[in-house]
Structure formats: C-alpha cells, structure tokens
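1. Predicted coordinates and the sequence they were generated for:
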Protein chains: 2
Amino acid sequence: MKRLHRTDLFTWSQFREPLNIDFNATLWTRPGGNVLIDPLALSAHDQKHLEELGGAAFVIITNSMHVRAASEHPKAQLFGPRAEKDNFPVKCSRWLGDGEEVFPGLIAYELDGSKTPGELALVLDGTTLITGDLIRAHRADTLGLLKPEQNLKDKQAALASIQRVMKLHPGIEHIVVGDGWHCFCRAKVLLERLLTEG
Amino acid sequence: MKRLHRTDLFTWSQFREPLNIDFNATLWTRPGGNVLIDPLALSAHDQKHLEELGGAAFVIITNSMHVRAASEHPKAQLFGPRAEKDNFPVKCSRWLGDGEEVFPGLIAYELDGSKTPGELALVLDGTTLITGDLIRAHRADTLGLLKPEQNLKDKQAALASIQRVMKLHPGIEHIVVGDGWHCFCRAKVLLERLLTEG
C-alpha cells in the first residue's frame, strides 16, 4: 500500500481502463482497530502489508456501488450508509447516518443527489475528506462531480450537500477520493472551484 | 494513461512492492512529436491510448537506471544524459546536457550527486519539474532525496543542484516524479522543505 499524507493513512489502487483513472481504497490505522474504506481487492503483497499494520477490524462502505472487495475481510465489521439499509448488497453491523461520529475523529456525512441515496463522505480530524463516488478527480489537481450519464441524480442537491460539509469543516485541506487523483493541501481551492464551476 | 494537471501531460504507473510506491512514466503530447520520459512498459490499453494521442516520436531517459521499457518504442528517437554517453545501456541519437533546450519549452538540467552522473531533470514551461531518481516522493505531499543506501553519491551536491534549478525557475509549481507521488501546486513549499530538512 502507498503512504498518504498522514502516517496513519494508506491507499491502494487499481487502474480502471474505461475511465483512465485509478480506483482507490483507504486504510486508516488506529489503536482501536484499523478501518478500511471502500476496499478494493488486495494483492498478496498488500494483504501482508495490511496484516503487518494490524489487519482490518472495520470496513466502511460509502455506497452500494462501492462494495468492491469488502467480502475479503470476513473478520471485520461492515458499516454501510443508513439510507441504503433496506437494499444493501452486503450485511452490515452498523448503518451510518448524517453527522454521526463513526470513531473518535471520524465523522460521516450523507451527500445528496448522487447515484445512491445518502452516499457517505467521511471527515477525519476535520482536515481530510474521504469521498466515495460523488466527488472524484479524473484529472490531477481538479475535482469533478459524478456525471449525469454516470447516474448523478440531482446536481444542485449534490453541490448543496458538499457546501454544507465545507461549512461544517472549514479546516478541510486534503481529499482522498475513491475515484481518481487524491489532493493534498488544495482541498479548499478545488472544492470552491467545483462549487462555482459545477 | 492518467491525465495530469495539464491537458498535454499524461502518466502511467506500476506499483513497486519493495518500496510501496508507484513508479511513473510521463507522456508530453505536442505538435512536433510526442515525448515519453522514462517510459515503463505499456499495457495494451495504454499502448492504444498512446497511439490515439499520436504515438511517441521521442523518448527521454533521465539516467541509465531509468531505461525501463524504452526499447518498446523502436520508431522513436532516444535522448540520454550527456554525462553517461560513454557507458549508456541503449543507443541514443542525442545526448542532453545542462541547460539545454530539448524542445521549445522543455529544458534539461544535470543534477549532481545522484547514483549516476548528470542525471537529468526537465523543466516544462517554467512551471513543471519532471524528475528521474534523485527527487522522489515515498509519501504523499512530501519530497525526499534518493537515500545513501540507494546509492546517493553526494547529498550536498545534490541539494545544491536542486537549489540551482529552483533559482533558475522560481515559477515551478508542480513536480512529476519518476518514483512516488506527483505534487501539484505545492512544489515551492515541498522543495524548500527538502532543502531545509534534506
């Protein structure tokens, strides 16, 4: 796994040919049990790396289209988005709703207008935003929204819910995306540009 | 291939397990003939993508340890570092020296103290620094030098040559690295930190 901007954050990726972007998964290591977010399949090397870092106690799935390889972690507890509780493709032990503190330091938010209801975004320590599908980066140093042809349901609602998270967390500096290019120390500029240019 | 911060720059990567970083190669598309820098092996998909973008007319190899898959482009002209001319592992049609304008907008510099003499770094339009081995990023949003155990020859000389390029190009904003995490809009901060903390 690759080291992110914090010593407790790691990412691993798979290049997605039709989009020419990397799909990314995230690992947050912590004393109370490590957390995977939208985990992709792990190579043997990365699986070993994960075990060396303490394995995975929890898996957060931001939306039903990002279940990916969550089933590779049968010992972990799965957490899913509350708004999809009735039709979620995998069994979860906890359903996360808007503003919920998942673990100390990690807050979940429900984003509106995405391809699934109540897609989760996560804010870690008020500085790192971790996104699933709605906010993505098909080009480096640029954020984009899921597109209508990718099943964006309501653009204005989506932008409004992003703006709401920004107002709640004016200290967000970094964005770790599920799809595309992560962004470091540029979150404010890029999010504001996204809100302005849509 | 993945889109970088400019519409004429692309990158493709291979995860390097022993280091837990991506190795990266760069494509610069331009009317006078596209340029590859330290090309890694291309997947069939990326090979097709490259062809759609006009193929490769030139290959720049920054140092003899970064020849990688340059031989996959037999129709392209290969350019290598002048200081390694006498012992370079592949035949080049042009040898690049310090301060040389390779193509309009692209200037080569020789960096000192690296594992090979006269390793090339490239500055595109005064704003994007493209590096080979000496400047790398094993963690996101952090630059590092090649390490002594990786055969760094002279740290002080290396830092001095980086400082020299920075003085010649105070407008450098982005760094596209051969090894690790690219950096966008943070080059000045990260390079200054590298010079201070070594």
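-> That came in fine, so what should we check first?

2. Need the residue closest to the centroid of chain A.
-> Nearest to the mean C-alpha position of chain A, by C-alpha atoms, centre = their mean, lies A:T131 at 3.3 Å.

3. contacting residues for that one?
-> Neighbour list for A:T131: A:62, A:121, A:175-178 [criterion: C-beta atoms under 8 Å, 6 or more residues apart in numbering or on different chains]. C-beta here means a position set from N, CA and C on the backbone, and glycine is covered the same way.

4. Among these, which are located in strands?
-> Counting by DSSP state E, the part of the contacts of A:T131 found in strands is A:121, A:175-176.

5. By neighbours, which of the residues you listed wins?
-> A:V176 (25 neighbours; other C-beta atoms under 10 Å in any protein chain shown).

6. which residues does that one form a beta bridge with?
-> Beta-bridge partners for A:V176, by DSSP bridges, are A:I130.

7. So it sits against A:W28, correct?
-> No. Using C-beta atoms under 8 Å, A:V176 and A:W28 do not qualify as a contacting pair, with a distance of 9.7 Å.

8. any common contacting residues for these two?
-> Taking C-beta under 8 Å, 6+ apart as the contact criterion, the common neighbours of A:V176 and A:W28 are A:L9.

9. With pLDDT as added columns, please give the contacts of A:T131 in a markdown table.
-> A markdown table is the format used below for those (pLDDT from 0 to 100):
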| residue | pLDDT |
| --- | --- |
| A:T62 | 98 |
| A:A121 | 98 |
| A:I175 | 98 |
| A:V176 | 98 |
| A:V177 | 98 |
| A:G178 | 98 |
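
10. residue contacts, A:Q77?
-> Taking C-beta under 8 Å, 6+ apart as the test, what A:Q77 contacts is A:57-59, A:93-94.

11. In helices, which of those fall?
-> Applying DSSP state H to the contacts of A:Q77, no entry is found in helices.

12. For the buried ones among those residues, write the corresponding PyMOL selection.
-> A single PyMOL command selects the buried members of these (16 or more other C-beta atoms under 10 Å in any protein chain shown):
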select buried, chain A and resi 58+59
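
13. Okay, helices next: where are they in chain A?
-> Using DSSP H, helices in chain A cover A:44-52, A:155-168, A:187-197.

14. right, so of the ones you listed, which gets closest to chain B?
-> helix A:44-52 (4.5 Å; C-beta to the nearest C-beta).

15. Pull out the buried positions in the closest one.
-> Within helix A:44-52, the residues that count as buried by 16+ other C-beta under 10 Å are A:46, A:49-50.

16. So which of these would count as near chain B as well?
-> A:H49 (C-beta under 8 Å from any C-beta of the partner chain).

17. From the buried residues of helix A:44-52, pick the one nearest B:I135.
-> A:H49 (25.0 Å; C-beta to C-beta).

18. Nearest residue to that closest one in space, please, no chain neighbours.
-> Nearest non-adjacent residue to A:H49, counting by C-beta to C-beta, 6 or more residues apart in numbering or on different chains: A:M1, 5.2 Å away.

19. so that neighbour touches A:L27, yeah?
-> Yes. Counting by C-beta under 8 Å, A:M1 touches A:L27, with 6.2 Å between them.

20. and for these two, which residues touch both?
-> In contact with both A:M1 and A:L27: A:10-12, A:50, using C-beta under 8 Å, 6+ apart.

21. In the residues you listed, find the pair that's most separated.
-> A:T11 and A:L50 (11.9 Å).

22. Identify the contacts common to these two.
-> Joint contacts of A:T11 and A:L50 (C-beta under 8 Å, 6+ apart) are A:1, A:27.

23. Return the member of the contacts of A:T131 nearest to chain B.
-> Taking C-beta to the nearest C-beta as the measure, chain B sits nearest to A:V176 out of the contacts of A:T131, at 9.2 Å.

24. who's in contact with that closest one?
-> The contact partners of A:V176, by C-beta under 8 Å, 6+ apart, come to A:4, A:9, A:11, A:24, A:26, A:128-131, A:182.

25. Just the ones of those residues in strands?
-> Judged by DSSP E, the contacts of A:V176 include A:9, A:11, A:24, A:26, A:128-130 as members of strands.

26. bridging residues for the residue lying closest to A:R139 once chain neighbours are set aside?
-> Spatial nearest neighbour of A:R139, chain neighbours left out: B:R3 (4.3 Å); criterion: C-beta to C-beta, 6+ apart. Beta-bridge pairing of B:R3 under DSSP bridges involves A:R139, B:F10.

27. so B:R3 touches A:A140, yeah?
-> Yes. Judged on C-beta under 8 Å, B:R3 makes contact with A:A140 at a distance of 6.6 Å.

28. Spell out which parts of chain A neighbour chain B.
-> So far as C-beta under 8 Å from any C-beta goes, chain A lies against chain B at A:1-5, A:12-13, A:15, A:17, A:20-22, A:43, A:45, A:49, A:138-142, A:174, A:181-186, A:189.

29. Give me the neighbour count for A:T29.
-> Neighbour count for A:T29, taken as other C-beta under 10 Å: 17.

30. What number of residues are in the vicinity of A:E149?
-> 6.

31. Distance check, it against B:H45.
-> Using C-beta to C-beta, to the nearest Å, A:E149 is found at 21 Å from B:H45.

32. and A:E197, what pLDDT?
-> For A:E197, the model assigns a pLDDT of 88.

33. Apart from its chain neighbours, what residue comes closest to A:K2?
-> A:T11 (5.2 Å).

34. My read is that the one you found contacts A:A25, right?
-> Yes. A:T11 lies in contact with A:A25 (C-beta under 8 Å); the separation is 6.6 Å.

35. higher neighbour count, those two?
-> Neighbours per residue (other C-beta under 10 Å) separate A:T11 from A:A25, with A:A25 holding more: 25 against 19.

36. so what's the more buried one up against?
-> Contacts of A:A25 (C-beta under 8 Å, 6+ apart): A:11-13, A:36-40, A:68, A:178.

37. how about a cut-off of 7 Å?
-> Counting by C-beta atoms under 7 Å, 6 or more residues apart in numbering or on different chains, A:A25 touches A:11-12, A:36-40.

38. Likewise for A:H182?
-> Applying C-beta under 7 Å, 6+ apart to A:H182 gives the contacts A:175-176, B:140.
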